[in-house]
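> Have a look at this prediction, sequence included:
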Amino acid sequence: MLDIRLIRENPELVKTRLATRSPALVPVVDSILEWDGRRRKSETALQEANGTRKRLSKEIGGLRAKGADSSALETEVKGIGGEIEHLEAQTREADDQQRELLLNLPNLPHENAPIGEDATANPVVRIWGEKPDIPHPLDHIQLGEKLGLFDFPRATRMSGSGFVVFTGPGARLERALINFCLDLHTEKHGYTEVAPPFVVKRDSLVGTGQLPKFADQLYAISPEDLFLIPTAEVPVTNLHREELLTLADLPKKYVACTPCFRSEAGAAGIGTRGLIRVHQFDKIELVKIATPEESFAELETLTSHAEAVLQKLGLHYRVIELCTGDLGFGSMKTYDIEVWSPGQNTWLEVSSCSNFGDYQARRMSLKYKDAEGKNRFCHTLNGSGTAMPRLFVALIETWQQADGSVLIPEALRPWFGKDRIS
RNA sequence: GGAGAGUUGGCUGAGUGGUCGAAAGCAGCGCUUUGCUAAAGCGCCAUACCUCAAAAGGGUAUCGAGGGUUCAAAUCCCUCACUCUCCGCCA
């Protein structure tokens, strides 16, 4: 969440920047300030009452120690109790209101973020490789059926639409891609591998920003107040929640592969066949915890680490930067990486690399001790490195051969074990 | 699932219902001593919020979380979460 002091001291800056996301956010800022005023007023009154009670109680202690009569004071203090109770309730009400509004307010876009209303305004930052020249490309569904890579009907029968079973060489390709990515990031890029739980508590999701605003995207586990993770970002970023890190600890670099569970309520295209949008998919996630000074440079290297996956697999891709109107809820700056899908004749988003600034750190109380010994909020970053199903799609569509087989790119062969699926 | 013991600052760890935001040690920071390293001595060192134009200062809260008892709770009572030990059960 945003720093209330920033909002208080510089409301116009906050409004201007938030308006680039959506003009509807501007009145919310005013509402937050209003509750902030009430909260502080009521808090001050409460503190004064508490102070009086504390002081008088000490006096009583002093009188009793001397064996003197304290009954008059005791009666006086007793009366303060009711007042305190009332002020406590009033303060809590204002505090809750303010907090709720703050938790639902998105992060400020970075000052250099491209301004725009929606995805059509996202500038292309760079393009790597070229569109493969495939005369009559099959799409991944056709290829998968021919080669026995996955089974949608059976997955649907057991779990409902939007689920997939990988089969035979498809399951092996999925596993090979996962191991290829994990080994690349741990051995070449210096990330520490973690294998987190796939189930988290509510607080963790509040910490990374999925809750309270995006509850309808999550699978909840009842009767416990637990949720299936929509991305490894949640457990991995929360690894250090409520901790005080030292400067020498930073940057922290983690990589994790987990399934991601998304209800995709109301999402366009969930009805379409294929692997493009499913309720459960594997994803390699890169997470960094950095100092504010380094975080934007760390975003560049993180993005390049995700790109390395596509480069090694010989997949044509482009990097775009999200404009203010398209930026994710907690992000200040985001690069999306889109891989070319010859079968769909379109770009597919396989990675989204973001710097959240201190937005998440503030929500989960993640700090570090700086060179002056002051405690400051860390900056958090994450990016996919990469999402598996779409990588799978791009790979088999790009490397399909005229005879209907799929060539395995050389870099992947040590993990897949064969040079071709046929 | 049963029985018991715990949860205190960055870490370890004392703590009597009242002067306890909390002993001591470690780590960290500063100074002194020192040929270097090391060691020793002295001092500083929790967080959030409120107040103040700001700084200084002042104040309130926080000893796992939430309730309760009391003039007053780290300390007493209740509920919950978590940790550890033993027993049982189980992949």
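Yes, it's here. Residues are numbered from 1 along each chain as shown, chains lettered A, B, ... in the order given.
> burial of the closest residue to A:Gly325 other than its chain neighbours, as a residue count?
Nearest in space to A:Gly325, with sequence neighbours left out and distances taken as CB to CB, 6 or more residues apart in numbering, is A:Glu117 at 4.1 Å. C-beta: built from backbone N, CA, C; applies to glycine. Look at A:Glu117: counted by other CB atoms under 10 Å, it has 13 neighbours.
> do the same with A:Trp415
A:Trp415 has 18 nearby residues by other CB under 10 Å.
> so how far is A:Pro251 from it?
Computed as CB to CB, to the nearest Å, the A:Trp415 to A:Pro251 distance reads 28 Å.
> so where's the stretch 151-300 of chain A uncertain?
A:223, A:266-272 (pLDDT under 70).
> Residues of it that sit close to RNA strand B?
Contact residues, the stretch 151-300 of chain A versus RNA strand B (CB under 7 Å from any atom of the strand): A:Leu244.
> Report the closest residue of the stretch 151-300 of chain A relative to RNA strand B.
A:Leu244 (4.3 Å; CB to the nearest atom of the strand).
> contacting residues for the nearest residue to that residue once chain neighbours are set aside?
Once flanking residues are discounted, A:Leu244 sits nearest to A:Lys367: 5.2 Å by CB to CB, 6+ apart. Residues near A:Lys367 by CB atoms under 8 Å, 6 or more residues apart in numbering: A:Glu243, A:Leu244, A:Leu245, A:Ala361, A:Asn375, A:Arg376, A:Phe377, A:Cys378.
> What is the burial count for the fourth one?
Look at A:Ala361: counted by other CB under 10 Å, it has 23 neighbours.
> mind checking which helix or strand A:Ala72 is in?
Using DSSP states H and E, A:Ala72 sits within helix A:71-103.
> can you give me how far that helix is from the chain middle?
Distance, stretch centre to chain centre, for helix A:71-103: 36 Å (CA atoms, centre = their mean, to the nearest Å).
> mind listing what the helix or strand following it pairs with, with the direction of each?
As assigned by DSSP H and E, the chain's next helix or strand after helix A:71-103 is strand A:124-128. Strands that pair with strand A:124-128, judged by DSSP bridges, come out as strand A:317-321 (antiparallel).
> Which residues in the helix holding A:Ala72 does the neighbour count mark as buried?
A:Val77, A:Ile80, A:Glu83, A:Leu87, A:Gln90, A:Thr91, A:Ala94, A:Asp95, A:Gln97, A:Gln98, A:Leu101, A:Leu102 (16 or more other CB atoms under 10 Å).
> What number of residues are in the vicinity of A:Ala402?
A:Ala402 has 8 nearby residues by other CB under 10 Å.
> quick one: the closest residue in space to A:Leu407 that isn't next to it in sequence from A:Ser405, how far?
Setting aside the residues directly before and after it, A:Leu407 is nearest to A:Trp399 in space (CB to CB, 6+ apart), at 4.5 Å. Per CB to CB, A:Trp399 is found 9 Å from A:Ser405.
> And A:Arg38, by the same measure?
69 Å.
> can you give me the helices in chain A?
A:4-9, A:11-19, A:26-65, A:71-103, A:140-147, A:152-159, A:168-183, A:202-208, A:233-237, A:295-312, A:359-364, A:388-398, A:413-416 (DSSP state H).
> Looks like A:Glu174 contacts A:Ile284 (just checking).
No: A:Glu174 is not in contact with A:Ile284 according to CB atoms under 8 Å; the separation is 11.7 Å.
> if I look at these two, which residues touch both of them?
With CB under 8 Å, 6+ apart, A:Glu174 and A:Ile284 have common neighbours A:Met388.
> the more surrounded of the two?
Ranked by neighbour count (other CB under 10 Å), A:Glu174 and A:Ile284 place A:Ile284 first, with 28 against 20.
> The stretch 301-422 of chain A against RNA strand B: which residues are in contact?
Residues of the stretch 301-422 of chain A lying near RNA strand B (CB under 7 Å from any atom of the strand): A:Gly373, A:Lys374, A:Asn375.
> Repeat the analysis, applying 10 Å as the threshold.
Within the stretch 301-422 of chain A, the positions near RNA strand B by CB under 10 Å from any atom of the strand are A:Arg362, A:Ser365, A:Lys367, A:Lys369, A:Ala371, A:Glu372, A:Gly373, A:Lys374, A:Asn375, A:Arg376, A:Phe377.
> What about the residue nearest to A:Gly325? Give its phi and psi, please.
Phi and psi for A:Glu117, reported as degrees, to the nearest 10, are phi -90, psi -40.
> Roughly how far does it sit from RNA strand B?
33 Å (CB to the nearest atom of the strand, to the nearest Å).
> Distance check, that residue against A:Asn104.
As judged by CB to CB, A:Glu117 and A:Asn104 stand 21 Å apart.
> measure the residue of the stretch 151-300 of chain A closest to RNA strand B to A:Tyr359 for me?
Distance from A:Leu244 to A:Tyr359, by CB to CB: 19 Å.
> now swap in A:Ile134 and tell me
A:Ile134 is 43 Å from A:Tyr359, where distance means CB to CB.
> Name the residue in the two with the higher neighbour count.
A:Tyr359 (24 against 15).
> Could you find the closest non-adjacent residue to that one?
A:Tyr359 sits nearest to A:Asn107 (CB to CB, 6+ apart), 4.2 Å away.
> Show the contacting residues for that neighbour.
A:Leu2, A:Phe329, A:Gly330, A:Ser331, A:Met332, A:Phe356, A:Gly357, A:Tyr359.
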